[in-house]
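In: only geometry, no sequence info:
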């Protein structure tokens, strides 16, 4: 949205405290509306209020994440839902110590934590234009609640994968030990 050296001033004072992040969480709002002029459709990809506001530990920039959850595919597919996240980066600037918006970016992330490429993102946005909202289509839920549900499903999915990998590892180790013992017994009894 902004050139690398371009910033947009805000009236918000910059301070290095955690209270700044809490204040921004309540004060910021964003509507990121994509319009398809060919089919005369639109979709709002923002949660209106940020789902998280965090200060970067190294650069001291503040990252405000706005997110909405969209359906990605059929039940049982590799990833059922995706998160369309808009990250707004604010940093210090100016002589008066106010915050400046340094950047805004759109990121589409699946339930495995993988950011989708252009083609995959466009397919998801197409389903968003068609009105296929995620998490059972409950539009009345706040963006933050949908985001929390998405993170919970993401954690559950990761735990299931880790459990399956541990089981597979144990099977491989057991098989390896059995082969080693069988080979040892074969050489001993020979």
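Out: Looks like it came in fine. Model, not experiment: these values are computed from the prediction. Numbering: from 1, shown residues only.
In: quick one: the strands in this structure, in order.
Out: Assigned by DSSP state E, the chain shows strands spanning 8-13, 33-36, 41-44, 52-55, 62-71, 81-93, 98-110.
In: dump those to JSON lines, plus mean neighbour count, distance to residue 25 and mean pLDDT.
Out: Heads up, the C-betas are built off the backbone N, CA and C, glycines and all. Formatted as JSON lines, the entries for the strands of the chain read as follows, by neighbours: other C-beta atoms under 10 Å; distance: least, C-beta to C-beta, whole Å; pLDDT from 0 to 100:
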{"stretch": "strand 8-13", "mean neighbour count": "13", "distance to residue 25": "12", "mean pLDDT": "76"}
{"stretch": "strand 33-36", "mean neighbour count": "12", "distance to residue 25": "22", "mean pLDDT": "86"}
{"stretch": "strand 41-44", "mean neighbour count": "16", "distance to residue 25": "19", "mean pLDDT": "84"}
{"stretch": "strand 52-55", "mean neighbour count": "17", "distance to residue 25": "4", "mean pLDDT": "87"}
{"stretch": "strand 62-71", "mean neighbour count": "22", "distance to residue 25": "8", "mean pLDDT": "86"}
{"stretch": "strand 81-93", "mean neighbour count": "21", "distance to residue 25": "12", "mean pLDDT": "85"}
{"stretch": "strand 98-110", "mean neighbour count": "18", "distance to residue 25": "14", "mean pLDDT": "86"}
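In: now render those strands as CSV, adding distance to residue 157.
Out: Supplementary listing: those in CSV, determined by distance: least, C-beta to C-beta, whole Å:
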stretch, distance to residue 157
strand 8-13, 37
strand 33-36, 27
strand 41-44, 25
strand 52-55, 20
strand 62-71, 14
strand 81-93, 10
strand 98-110, 10
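In: so the helix or strand bottoming out on mean pLDDT in the chain versus strand 81-93, what angle?
Out: Of all regular secondary-structure elements in the chain, judged by mean pLDDT, DSSP states H and E, the least confident is helix 18-27 with a mean of 72. Taking axes from the mean of the first three to the mean of the last three C-alpha atoms, to 10 degrees, one finds helix 18-27 and strand 81-93 inclined to each other by 120 degrees.
In: follow-up on the earlier one: closest to residue 126 out of the strands of the chain?
Out: Go through the strands of the chain one by one with C-beta to C-beta and the one that ends up closest to residue 126 is strand 33-36, at 8.6 Å.
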